[in-house]
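Undergrad: Predicted model, plus sequence, below.
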Amino acid sequence: MRKGFFLLAAAGFFFIGVSGASAQTAFRFVAWGDTKSDTGVLKSLSVQAKTLNPVLTLYSGDLEGDGFTQTGMDAWKTAVNGGVNNGMFNITFPIRGNHDNHLSGAAANWQNYFNLGAQAAAIGGSNYSALSDDLTYSFDYGNSRFIGFDVPGDITLMSPAQIAWLDQRLTDAENQGLSHAFLFWHGPVYAMDGHCCPTAPSALISVFNKHPILSASFHGHEHILTYANLNTSQISSLTDPFEQFISGDAGAGPNTATSGRYDYWLNLSGANSGGFVTVDVSGSSFTANFYRGGNTTPQWTKTFTKGNAPSPTAGPSPTRTPTPQFTPTRTPTPPISPTRTPTPPVSNYLEAENATLVSSVVENEHAGYTGTGYVNFSLASESSITWNNVQVPSAGQYDLIFRYGLGAADRGVELSVNGYTINSFLSFPSTGTWTNYQELKVQATLNGGANTIKLTTTGADGPNVDHLKPPSGNVNGTPGDGNGDGKVDGQDYIIWLMNYGKTKTGPANGDFNNDSKVDGQDYIIWLMNYGKTPTPVTATPTNSASATITPTKPPAAATNTPTPSTPVTGDCSQAAILCVPTEYSTIAAAITAASAGNTIRVSPGTYTGFSLTKQVTVMAESYNTSDPRQNTAIINGQITSAGSWAYDAGPVVRGFQIIGGTDPVSMNNGPMTLEYNYIHGTGGDAVSFEGGGGIVRGNRIDGSGDDCIDLDNQSKNVIIEDNYILNAHEEGIEMRQQNVTITQRTDIIIRNNRIENSPSDGFQIMDYNNFSNRRYIIERNLFIGNKKGGIAIMPSDITGETLEGAAMPEPMYVVNNTFANNYGAIAGGANAVVINNIFTGQTSFDLKNVNTLSDIKYNLFATTQKLQGTNNFDSATNFVGNPLLNADYELQSGSAAIDKGIAQLQHTYSYNNTNITDYVINLSSGQYNGSAPDLGWKEF
């Protein structure tokens with residue numbers, strides 16, 4: 001309960017019912033934003049804006065220069081109050097910018113600082129609702145709905161959950177007969193200055209096109225005052241125009257607007273006076289006035305009149321929707337078996353050669369294709385095939401059937417639909433020969449009308465793609481309807497909730513997008529269709545029959561909701577959930593009784609080790625993703641796996657404390673996924689791989705008898721990400737490169753880890769004097785306080801670190817890492833690319849013997865670089881400067897590392913007489929802040 005208002009809360013969704021004096025159709029509000037440290041300008045603007053008597057103001061982010069800090073926020077509050085407590089703070093509704101999100105805990109501190117639901121009621125507003133209280137929220141005033149979003153950066157950061165929630169709030173506003181919807185967040189939909197040019201998510205544009213109530217959006221991020229009518233001339237898919245205002249100089253500017261990208265620009269060059277926009281609402285019209293600081297006369301005025309009031313969107317709209325927070329997991333999609341088909345006759349296939357191709361080529365060497373040929377991906381990363389304007393009659397689940405040939409081993413590519421990745425590694429099984437074309441079917445949620453379907457390589461080559469069949473068979477004519485009663489309601493939500501986090505298939509199990517995992521994407525489908533009773537589409541038969549999945553037990557009523565710290569794993573009455581100890585006394589007994597795809601739910605307590613011989617998920621009843629030390633289910637004994645699964649399709653162990661024993665987690669005979677565990681007090685290697693591959697994600701691994709993670713003889717991919725690895729007895733991570741025959745290149749991916757206080761190396765590679773078909777991707781890690789090397793390569797099979805720096809021929813891409821206070825940073829590498837890194841505080845050397853085919857570019861050194869041996873050091877792009885790191889070794893305002901990186905770089909090397917070209921880094925402008933990527937492990 002907050003400050004006297006009745007609050008309905010369901011895992012992150014809030015609705016405050018208040019009765020406000022909201023029948024007004026004439027009122028004024030102010031739009032402004034972006035102060036950072038120049039509170040003097042904001043103070044003057046507040047005094048000026050106060051005289052215009054607005055009922056509310058929208059503040060579009062960057063309140064501070066480096067937040068969240070109490071001191072900085074208090075300074076902003078004083079300034080927005082004109083320095084004299086003029087009351088403007090109490091009518092101002094802010095959202096966060098990227099500079100408000102620099103420090104740990106920023107979001108929670110922001111929520112503690114504001115009480116915007118009470119503030120909305122105090123000004124006479126009503127219907128306050130929030131996806132995340134005080135961060136992403138809406139309220140009504142007069143005939144208008146105001147909707148603010150927590151997008152601390154550019155538009156590409158808007159999440160699918162936020163887009164779905166926007167759709168629901170606009171639908172609700174139209175059903176209530178309101179006239180206007182005014183949206184506000186930090187980065188604009190359409191950029192107009194040097195932050196150019198992130199692309200808005202296609203799903204967001206689709207929502208805009210659905211809702212005529214949308215009148216205008218207000219933004220900052222760009223330190224200018226501009227206006228543009230957004231329509232198809234700026235965004236080709238935007239069919240329902242609206243007005244966009246950027247009002248981003250309440251102290252942080254001014255910048256120069258880009259010619260040709262605005263309809264009006266108030267040039268604030270000269271003394272930094274700042275400026276703001278007022279909006280006068282009058283019925284179905286509104287008038288925008290641009291003010292320069294210190295000038296009481298508007299510099300430009302324009303009135304906008306809408307047509308007839310928007311008609312309500314079909315279908316009732318709930319105002320108290322239970323909205324769970326979720327942490328999507330990357331549960332592997334089970335392998336899909338191709339169906340062999342003969343060469344089909346020419347038909348209305350969506351030929352790959354007619355699609356939009358990036359780094360892909362049309363060929364006709366291998367007979368059996370339809371059309372004029374097939375498409376071969378040219379690069380292992382970022383090659384793509386995009387089918388635009390794929391039409392279906394109505395929204396729902398459809399079969400996507402790809403025809404392809406693959407005369408090599410299985411290959412996988414990323415599948416995205418309408419801008420969202422629905423399968424990060426869609427596996428195409430080998431067809432035996434290149435002329436043996438087969439079909440692969442996968443189900444996806446499509447919008448009614450036009451859709452965009454894209455295949456993209458993500459580190460390995462793909463198949464030869466012949467065509468995509470027109471989507472057929474709406475297999476779920478009522479998206480989000482889990483119980484098949486033709487309605488999308490709370491019963492369907494319960495079905496989703498009770499299966500959340502599980503590997504299950506089909507709407508009857510809450511898997512509304514049929515990707516074999518029940519996660520946040522399925523919740524979004526439910527939310528977007530809540531309250532609807534869509535007309536089912538008659539399914540069109542396909543060549544492959546689709547199985548109907550029916551739950552074997554009815555779902556139980558929900559008792560709680562999933563959050564990042566206490567995930568709900570389902571009810572023990574469900575057949576696919578086996579509970580320990582209520583149903584089985586040991587985890588081993590539950591595994592014996594389980595079938596592939598089942599989940600074993602483990603209550604708090606201490607249990608013995610077990611062997612994983614099936615593709616099951618063993619997970620704690622509750623666990624803490626942000627601090628696994630709080631986990632209460634304990635495994636005291638060894639966990640092993642044995643099976644020939646793909647590296648990302650093995651069993652899952654999630655949410656435990658794992659203690660004691662020698663080599664307590666062993667993937668020696670088969671891969672597994674190890675997530676959100678606290679592994680400590682162990683002997684030998686805490687986590688041991690012996691060629692099996694697998695995923696280690698989100699764990700805290702503290703101490704070991706030898707290495708925290710040991711990698712030997714790898715011939716399958718390995719991903720080690722988002723872990724805190726510290727206090728090893730020897731190395732944080734050790735890799736032995738035994739010489740084995742590897743047909744398809746093996747990737748060792750080490751990213752976004754903190755590797756700290758190893759007595760030897762943070763990451764050590766023993767080279768074994770061979771050239772194996774492996775690639776190392778080492779990106780966005782913090783190597784700190786390791787007593788020898790951050791990354792060190794030793795020759796042959798020497799086990800004692802000599803810091804010799806061996807000439808390893810395998811490619812090693814060291815990108816956007818921070819090396820701090822180690823004895824040495826990087827030793828060795830004859831085929832290494834070292835870019836966008838920060839080196840600070842090494843005792844002996846930053847680089848040693850990184851040479852031959854290596855490139856060392858675009859790195860920052862806190863002092864004159866410490867080089868030993870021979871290094872391919874590019875003096876033109878490497879530089880010395882102050883990284884200005886905070887206590888978490890992240891950048892602060894003024895850091896010399898900001899905007900100094902490179903966004904694209906390719907590297908070519910030869911293996912087995914074949915030239916291979918990789919993208920070492922390939923970022924679009926929307927994937928980083930500012931004019932270029934920052935250096936180091938965290939973007940500012």
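TA: Great, that's in hand.
Undergrad: doesn't residue 45 make contact with residue 59?
TA: No. Here residue 59 does not reach residue 45: they are 11.0 Å apart, not a contact under C-beta atoms under 8 Å. No exception for glycine: its C-beta is placed from N, CA and C like everyone else's.
Undergrad: Overlap in contacts, the two.
TA: Jointly contacting residue 59 and residue 45 under the rule C-beta atoms under 8 Å, 6 or more residues apart in numbering are 32, 250.
Undergrad: so where do the helices sit in the stretch 201-350 of the chain?
TA: Per DSSP state H, counting those that start in this stretch, the stretch 201-350 of the chain carries helices over the ranges 202-210.
Undergrad: sorry, that was for the stretch 451-600 of the chain
TA: Ranges of helices within the stretch 451-600 of the chain are 490-499, 520-529, 587-593, based on DSSP H, counting those that start in this stretch.
Undergrad: biggest helix in this protein, by residue count?
TA: In the chain, taking DSSP state H as the definition, the longest helix is helix 160-175.
Undergrad: for the chain, which strand is longest?
TA: strand 381-392 (DSSP state E).
Undergrad: who touches it?
TA: Outside of strand 381-392, the residues that reach it under the criterion C-beta under 8 Å, 6+ apart are 350, 352, 355-360, 375, 377, 398, 446-459, 462, 465, 468, 470-471, 474, 918-919, 922.
Undergrad: so what strands line up beside it?
TA: Note on strand 381-392: by DSSP bridges, its sheet partners are strand 356-358 (antiparallel), strand 449-458 (antiparallel).
Undergrad: Turn the ones you listed into JSON lines, including distance to residue 134.
TA: Converted to JSON lines, the strands paired with strand 381-392 look like this (distance: least, C-beta to C-beta, whole Å):
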{"stretch": "strand 356-358", "distance to residue 134": "41"}
{"stretch": "strand 449-458", "distance to residue 134": "35"}
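Undergrad: Please identify the deepest-packed of the ones you listed.
TA: Scoring those by mean neighbour count under mean count of other C-beta atoms under 10 Å gives strand 449-458 as the most buried, with a mean of 20.
Undergrad: now that one: how far from the chain's centre is it?
TA: The chain centre lies 18 Å from the centre of strand 449-458; the measure is C-alpha atoms, centre = their mean, to the nearest Å.
Undergrad: Kindly report the same for stretch 627-636.
TA: Per C-alpha atoms, centre = their mean, the displacement of stretch 627-636 from the mean C-alpha position of its chain is 26 Å.
Undergrad: buried stuff in that stretch?
TA: Along stretch 627-636, these residues count as buried under the neighbour rule (16 or more other C-beta atoms under 10 Å): 628, 631-635.
Undergrad: cool, stretch 273-284 as well?
TA: With burial defined by 16+ other C-beta under 10 Å, the residues of stretch 273-284 counted as buried are 273-281, 284.
Undergrad: Go through these and name the one nearest residue 209.
TA: Comparing the buried residues of stretch 273-284 against residue 209 with C-beta to C-beta picks out residue 284 as the nearest, at 20.0 Å.
Undergrad: Next one: the closest one, what pLDDT does it get?
TA: What the model reports for residue 284 is a pLDDT of 93.
Undergrad: Near residue 752, how many other residues are there?
TA: Counted with other C-beta atoms under 10 Å, the neighbours of residue 752 add up to 18.
Undergrad: same deal with residue 78?
TA: The number of residues packed near residue 78 is 17, by other C-beta under 10 Å.
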